[in-house]
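[1] sequence plus predicted model, see below.
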Amino acid sequence: MKKILAVLILFVIATAGFIGWLFLRMADAVPILNYHRVDNSDNNPSTLKVADFEAQIKFLVDSGYSFVMPEQLVDARQGGKPLPKNPVIICFDDGHDDIYRNVFPVLQKYNVRATVFIVTDHIGMKDFLTWEQVRQLQAGGFVDFESHTKSYKDLTKLRGDKLWDQIYGAKQAIEWALKKPSKFISFPEGKYTVDAEETAKELNYRAGFIEDYGLTAGNKDDGFVLTRIPVQGSNPQTLLRFKLRLKGAPIFSPLNRLKKSFASDGNESIADLIWIP
């Protein structure tokens, strides 16, 4: 009995030490929060209710977070330029029209800036922003627009001119429409290849973005591809889940990779046992 107790105590100590190490190694990292839609008419995991989105932004403001933009983060990583205390980045993918109707008023109310990665061929389509709205939001100072590629293709299946067209086409459209450089790209569904990364670098993008539940180091240059924490809705505990993902990212990021590994190996039953908020 004493041996079992001793083993349990050692296990608890080792687990606590490992968790402490995970948090310590990411102490200076920056949470990049990634949203898709904010709308009261939809009820799916990628859509937040307007009140839920505002509650999250209010929580960040009340908790003393400093809202920064991707360029500030990259400047810190590459040149050592200091970031403000408790930095956080707000991002949106796709460019739906609820950015104009529902997101912008909240950003303006709390004096928060956000980056929206747009699929340029989708601009003007049903449920998406128009170029006039994009220009108005860009000029307003609360939203910056960057690339989510030209038409949302799976970049892992593209080569040569087709890959170039997706990455360059969006950059060209944004720079023509907004008269400002396009410096960042969000890879569709987080899928990219070495060719896609190198093409983006060749076109002078400063960084690419994916989703992976983790934090991005803010004080060193350790890669072109930066990870973002996905924010989801359609849950009565949306704010609690948000806080868990934000505060527990050093734990949930490796857990999510483990979960994906089990699932890709065909062990879905084991993957389902790994809980991610």
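    Cool, the structure landed. Just so you know, these numbers come straight off a predicted model, no measurement behind them.

[2] right, and Pro82 touches Asp75 too?
    No. Pro82 lies out of contact with Asp75 (CB atoms under 8 Å); the separation is 9.5 Å. (Glycine included, C-beta is placed from N, CA and C.)

[3] which one of those two is surrounded by more residues?
    Higher neighbour count among Pro82 and Asp75: Asp75, with 16 against 11, using other CB atoms under 10 Å.

[4] longest strand of this protein?
    Ranked by number of residues, the top strand in the chain under DSSP state E is strand 87-94.

[5] so what are the sheet partners of that one and their directions?
    Strand 87-94 has its sheet partners listed here by DSSP bridges as strand 32-35 (parallel), strand 66-67 (parallel), strand 114-118 (parallel).

[6] so which of the ones you listed is nearest Leu203?
    The closest of those to Leu203 is strand 114-118. By CB to CB, the value is 15.2 Å.

[7] returning to that earlier point: so after the longest strand of the chain, what's the next helix or strand?
    Once strand 87-94 ends, the next helix or strand along the chain (criterion: DSSP states H and E) is helix 98.

[8] re earlier: buried set for the longest strand of the chain?
    Within strand 87-94, the residues that count as buried by 16 or more other CB atoms under 10 Å are 87-94.

[9] and those residues, which is closest to Ala55?
    Minimum distance to Ala55 across the buried residues of strand 87-94 is 14.0 Å, recorded for Ile90 (CB to CB).

[10] was I right to think that closest one contacts Val112?
    Yes. Contact criterion CB under 8 Å: Ile90 and Val112 qualify, at 6.5 Å.

[11] any common contacting residues for those two?
    57, 67 (CB atoms under 8 Å, 6 or more residues apart in numbering).

[12] now the strands for the protein?
    29-30, 32-35, 37-38, 47-48, 66-67, 87-94, 114-118, 143-147, 184-186, 207-211, 216-217, 225-230.

[13] which of these is buried the deepest?
    strand 184-186 (a mean of 28; mean count of other CB atoms under 10 Å).

[14] what's it packed up against?
    Applying 3 or more CB pairs under 8 Å, 6 or more residues apart in numbering; DSSP states H and E, we find strand 184-186 packed against strand 114-118, strand 143-147, helix 160-178, strand 207-211.

[15] for the third one, which helices and strands make contact with it?
    This means helix 160-178. Using 3+ CB pairs under 8 Å, 6+ apart: helix 160-178 touches helix 131-140, strand 143-147, strand 184-186, helix 194-202.

[16] and these: which comes nearest Gln172?
    strand 143-147 (9.7 Å).

[17] okay, the angle between that closest one and strand 114-118?
    30 degrees (axes from the mean of the first three to the mean of the last three CA atoms, to 10 degrees).

[18] so what does strand 143-147 touch, helix or strand wise?
    Contact partners of strand 143-147 among helices and strands, from 3+ CB pairs under 8 Å, 6+ apart: strand 114-118, helix 131-140, helix 160-178, strand 184-186.

[19] and the third one, average pLDDT?
    Spelled out, that is helix 160-178. On average, the pLDDT along helix 160-178 is 97.

[20] same deal with the first one?
    The average pLDDT within strand 114-118 is 98.

[21] the last one now?
    Taken as a whole, strand 184-186 has an average pLDDT of 98.

[22] hey, what's the closest residue to Pro70 other than its chain neighbours bridged with?
    Nearest non-adjacent residue to Pro70, counting by CB to CB, 6 or more residues apart in numbering: Phe184, 5.1 Å away. Residues in a beta bridge with Phe184, per DSSP bridges, are Ala207.

[23] from what I see, Phe184 and Phe117 are in contact.
    Yes. Look at Phe184 against Phe117 with CB under 8 Å: they come within range, at 7.5 Å.
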